[in-house]
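# coordinates for the following, if possible.
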Amino acid sequence: MFRKASNKDAAEPRPGFIKRLRARLNRGDSWLTRDIKDLVPGGKIDDDLFEELETRLLLSDVGVEATEEIMQQLRKDLRRTELASAEAVVRGLEHGMLEILAPCEVPLEIASATKPYVILMVGVNGAGKTTTIGKLARRFRDQGLSVMLSAGDTFRAAAVEQLQAWGERNGVPVVAQQPGADPAAVSFDALQSARARGIDVLIADTAGRLHSQTGLMAELAKVVRVIKKIDPDAPHEVMLVLDAGTGQNALAQAREFRDAAGVTGLAVTKLDGTAKGGILVAIARDQKLPIRFIGVGEQAEDLDVFSAREFVSALLTPAAGDNEK
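Numbering: from 1, shown residues only. Predicted coordinates:
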């Protein structure tokens, strides 16, 4: 049996969340389809329009490969005379993005027969990893699951205190050791404690690291090995937290962390910042990893299950035209 780590319907985030996502993706000049009707006077669809769209996709962090794939499909549709208006072009963009993103819409499922279900959180400093852990703890607790946190980031100043604050806020226990302790040892102790207490979900933090730091990436691999000594099937989820605002660097992080730690899912944060949002398309095209959650702010309700269709709609629809409540 599995329990989806989501709301009642994992594929349908709350309307309020989508409204916030749309508003924050469409600040400034981030609209991929902004004033597109002005680019096609008289309804003419030509190479100039396609060049403009290609530029906008690239500036929105969609990436070269994904942009080429989307534009090739648009040109093919044009040759078939299926693009007869600006609205048709927008629908073509939507279709092209959904083709890439839809396979990555895979909600996290907690196996009820597995106790504890171990989620290992990885990512670079500043990506929002600890905050995401706190939000997930709240989400799981609200679903009736018992949760424990493991403070495995023993090197960053105040990291343990930050996680303990989230634990107190959410009413969940936190296993921690002294600063500078071996992260693998912290994870080992936490898993033993979670098993003894019959905890449903153990969320294990790890030290933030740059994907280019070979020694730290090797340390992360050690954490995985140590966890497997207790439960060969654990960690059951290795969730990489990516900051959408880092653009194409997030793609490099996804590649490196997948090789080092066997990443099985993504949480993409800070879509409320300067991010254009297209990096999700680039990562989906390159890595084809499940996108579990996306975040648009600091509050617990600002993290929600990823829905490809709702995300693309938010990306392509100007916030000023949002009538959702």
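# please, where are all the helices along the stretch 151-300 of the chain?
All helices of the stretch 151-300 of the chain, identified by DSSP state H, counting those that start in this stretch, fall at 159-170, 183-197, 214-230, 248-261, 279-287.
# can you point out the buried residues in the longest one?
This means helix 214-230. Using 16 or more other Cβ atoms under 10 Å as the test for burial, helix 214-230 gives 216-217, 219-220, 223-224, 226-227. Where you see a C-beta, it was placed from the backbone N, CA and C, and this is true even at glycine.
# ok, now which ones touch Gly208?
Going by Cβ atoms under 8 Å, 6 or more residues apart in numbering, Gly208 touches 123-127, 129, 153, 156.
# okay, angle between the host helix or strand of Thr132 and helix 159-170 too, please.
Using DSSP states H and E, Thr132 maps to helix 129-142. Using axes from the mean of the first three to the mean of the last three Cα atoms, to 10 degrees, the inter-axis angle of helix 129-142 relative to helix 159-170 is 20 degrees.
# so what's Ser307 scoring on pLDDT?
Ser307 carries a pLDDT value of 94.
# how many neighbours does it have?
For Ser307, the neighbour count with other Cβ atoms under 10 Å is 25.
# so Val172 is in contact with Gly134, correct?
No - Val172 lies out of contact with Gly134 (Cβ atoms under 8 Å); the separation is 9.3 Å.
# pLDDT weak spots in the stretch 201-325 of the chain?
Applying pLDDT under 70 to the stretch 201-325 of the chain picks out residues 209-214, 273-276, 318-325.
# let's see 80
For the stretch 201-325 of the chain, the stretches flagged by pLDDT under 80 are 208-218, 260, 272-276, 297, 299-300, 317-325.
# ok, how many other residues are close to the residue nearest to Met239 when sequence neighbours are not counted?
Among residues not flanking Met239 along the chain, Gly265 sits closest, at 5.0 Å (Cβ to Cβ, 6 or more residues apart in numbering). Here the number of neighbours of Gly265 (other Cβ under 10 Å) works out to 19.
# understood, closing this out.
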